[in-house]
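Visitor: Okay, sequence plus prediction incoming.
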Amino acid sequence: MINLLKHKDRDQLTEWIGAECYFQLLYKITRDGASGQKFHKLCDNKGPTVTVFYNTDNNVYGGYLFESWHQSKTWSKDENSFLFQLYQRGKWKAKKFPSIVDQGNNFWGSIDHGPWFYDLHSFHQSVEKTSGFYVLDGSDFFRGDRYDMEGKNAQTIANNHNNVVDLEVYLVKGTLDRPWRDPPQWNSQFYSEIKSLISTYGPFEGAQTSASNILLIGQSGSGKSSFVNTINTIFKGKISSRACTGSRFNNQSLTKNFMRYIIRDSAENKNLKFRICDTLGIDTNQTLSSKWMNDKDLGYMLDGNLPNQYTFNLNSFASEHVKGFVKNPTLQERTHVVCFVIDASNIGSITKGITDKLQQIKENVADRGIPHLIILTKIDLLCELVDHDASNAFVSEKIEMAVNQAAAIMKVPRNHVFPVKNYEKELHLQMNMNILALSALNQVLLFANDYLENQYQLQKESEHELNSKN
């Protein structure tokens with residue numbers, strides 16, 4: 001079921017609460033039923049909550065409670081609580097009604113009642129849905145005994161009735177007390193340092209390759225091409241769209257070719273020593289038996305046989321007759337590190353078929369000794385705090401949970417999962433977004449150098465063995 005509370009509503013509630021927070025749905029009357037027992041089972045002893053009423057006349061109103069809901073059959077006092085109005089007949093009419101100090105208890109807790117403010121009731125025991133709505137208790141609501149209504153009343157807020165099409169209770173959560181991972185420094189000095197570190201990056205010296213090859217693999221719409229654009233944007237100094245982004249109207253991958261992107265540092269007027277390789281997205285409706293690309297093309301891509309701009313054909317595979325096909329690829333052409341790009345906002349909806357496909361690809365990657373990690377995208381859609389400021393990524397419980405899920409899906413350590421907020425709605429560069437993306441890229445390049453160092457060592461051992469035989 002869809003949560004009815006909009007981003008605009010959440011931003012307004014956050015402003016009224018006076019602290020950065022996000023909202024986790026605990027209870028929804030159309031999903032859980034109008035039952036006091038169900039409400040208390042889902043909402044008791046959780047901490048701060050917001051209760052939102054969706055009136056049949058498109059009036060939206062509710063109350064915030066800092067204290068926890070309980071079922072002790074007593075009235076309690078919460079001076080931090082407030083009532084509010086968001087919409088009047090569908091029009092934005094945001095207004096906060098604060099608790100009147102020293103006026104007495106203002107909320108009730110009982111197993112037989114739903115959320116119950118002194119000046120705004122919900123239901124007693126249970127209520128059945130009738131004619132598409134719930135008739136809730138409208139006695140004396142918005143009367144102004146415990147909350148300063150500033151001239152407003154039940155007529156001006158709710159059209160004098162409390163009949164609702166839905167009612168939602170959200171847990172109001174702030175950031176974690178401690179970051180779940182040591183964060184980078186969110187300041188201009190660190191940004192300059194990490195940007196310079198990547199700008200001066202070079203592949204492992206003994207490998208004799210001019211640039212590291214980074215391969216992106218993931219579902220259609222997961223943010224592979226957007227990651228390319230994000231990195232290019234950072235070094236270009238303005239919003240870039242070199243790689244086409246999004247999905248086709250049939251939700252299939254917009255990217256059909258194998259594309260190598262060379263990133264240029266505009267400030268230094270030079271090409272950077274890595275290439276980001278974009279490729280065909282996995283159809284979101286794929287099962288293991290469905291076509292993505294066959295193992296032969298995957299092998300060619302990993303081994304460096306495929307030419308730049310090669311167009312994948314799901315009904316056939318590449319061969320040495322393809323124009324530009326590299327028959328005997330060297331370390332220069334091979335893939336040096338693979339990034340599995342996963343959409344954090346849909347991570348709970350990844351099907352077994354997609355998981356099996358990703359695991360199958362991972363086996364091909366691992367069999368070649370290629371390091372692999374996860375770029376976790378769209379974290380701003382998962383967590384409002386991150387949408388507001390990317391620096392909240394490592395104190396967000398939602399992002400931590402998504403990192404854990406991604407690691408479990410791909411069976412990799414959690415320190416191989418890197419959250420990123422790609423440029424998507426922004427028109428200007430944001431330092432904290434850049435720091436997050438560059439921190440991930442820096443680790444990607446370190447992994448690429450690990451591979452190149454391993455290949456160098458294998459080459460030296462092979463030469464030593466050959467010399468010893470001679």
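Guide: That came in fine, so what should we check first?
Visitor: Domains in the protein, by residue range?
Guide: What the record gives for the chain is the domain set 7-173, 188-469, from automatic domain parsing.
Visitor: Which other helices and strands does the biggest strand by length in the chain contact?
Guide: When the chain is scanned for its longest strand (criterion: DSSP state E), the result is strand 163-173. When contacts are defined as 3 or more CB pairs under 8 Å, 6 or more residues apart in numbering; DSSP states H and E, strand 163-173 sits against strand 22-28, helix 29-32, helix 36-43, strand 49-55, strand 134-135. The C-beta positions use only the backbone N, C-alpha and C, and glycine is treated the same way.
Visitor: Quick one: those as a markdown table, columns for distance to Ile111 too.
Guide: Output for these, formatted as a markdown table (distance: least, CB to CB, whole Å):
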| stretch | distance to Ile111 |
| --- | --- |
| strand 22-28 | 14 |
| helix 29-32 | 15 |
| helix 36-43 | 6 |
| strand 49-55 | 17 |
| strand 134-135 | 19 |
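Visitor: Return the most buried member of the ones you listed.
Guide: Per residue and on average, the most neighbours among these fall to strand 49-55, with a mean of 24 (mean count of other CB atoms under 10 Å).
Visitor: strands paired with it, and their directions?
Guide: Sheet neighbours of strand 49-55, with direction, are listed as strand 60-65 (antiparallel), strand 163-173 (antiparallel) (DSSP bridges).
Visitor: thinking again about what came up before, ok, which of the helices and strands packed on strand 163-173 comes nearest Thr200?
Guide: For these, proximity to Thr200 was assessed by CB to CB; strand 22-28 is nearest, at 37.9 Å.
Visitor: How about residues contacting the closest one?
Guide: By CB atoms under 8 Å, 6 or more residues apart in numbering, the surrounding residues in contact with strand 22-28 are 1, 3, 5, 10, 13, 38-39, 42-43, 46, 49-50, 166-173, 383-385, 396, 398.
Visitor: what's near enough to touch Thr355?
Guide: Taking CB under 8 Å, 6+ apart, we find Thr355 in contact with Ile409.
Visitor: which SSE is it in?
Guide: Here Thr355, judged by DSSP states H and E, is contained in helix 352-367.
Visitor: got the buried residues for that helix?
Guide: Buried residues in helix 352-367, defined by neighbour count with 16 or more other CB atoms under 10 Å: Gly353, Ile354, Lys357, Leu358, Ile361, Lys362, Val365.
Visitor: Asn434: what's its closest spatial neighbour, skipping adjacent residues?
Guide: On the basis of CB to CB, 6 or more residues apart in numbering, the spatially nearest residue to Asn434 that is not a chain neighbour turns out to be Ile234, at 4.9 Å.
Visitor: What backbone torsions are found at the one you found?
Guide: As for Ile234, its main-chain torsions (degrees, to the nearest 10) stand at phi -60, psi -40.
Visitor: Contact partners for the residue nearest the centre of the chain?
Guide: The residue lying closest to the centre of the chain (CA atoms, centre = their mean) is Ile379, at 2.1 Å. Taking CB under 8 Å, 6+ apart as the definition of contact, the neighbours of Ile379 are Ala344, Ser345, Val386, Ala393, Ser396, Ile399, Ala402, Pro419, Val420, Lys421.
Visitor: ranking these by neighbours, who comes first?
Guide: In terms of neighbours by other CB atoms under 10 Å, the contacts of Ile379 top out with Ala393 at 31 neighbours.
Visitor: And the next helix or strand past the helix holding Thr355?
Guide: As assigned by DSSP H and E, the chain's next helix or strand after helix 352-367 is strand 372-377.
Visitor: okay, the angle between that following strand and helix 352-367?
Guide: Between strand 372-377 and helix 352-367, the angle comes out at 140 degrees (axes from the mean of the first three to the mean of the last three CA atoms, to 10 degrees).
Visitor: same for strand 372-377, what does it pack against?
Guide: Other elements packing on strand 372-377 under the criterion 3+ CB pairs under 8 Å, 6+ apart are helix 224-236, strand 337-343, helix 352-367, helix 397-410, strand 417-419, helix 431-469.
Visitor: Make CSV out of the ones you listed and add mean pLDDT and distance to Asp145.
Guide: Converted to CSV, these look like this (pLDDT from 0 to 100; distance: least, CB to CB, whole Å):
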stretch, mean pLDDT, distance to Asp145
helix 224-236, 96, 52
strand 337-343, 97, 48
helix 352-367, 93, 55
helix 397-410, 93, 37
strand 417-419, 98, 47
helix 431-469, 92, 45
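Visitor: Need those in a markdown table (columns: distance to Ile194).
Guide: What follows is the helices and strands packed on strand 372-377, written out as a markdown table (distance: least, CB to CB, whole Å):
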| stretch | distance to Ile194 |
| --- | --- |
| helix 224-236 | 10 |
| strand 337-343 | 18 |
| helix 352-367 | 27 |
| helix 397-410 | 20 |
| strand 417-419 | 13 |
| helix 431-469 | 5 |
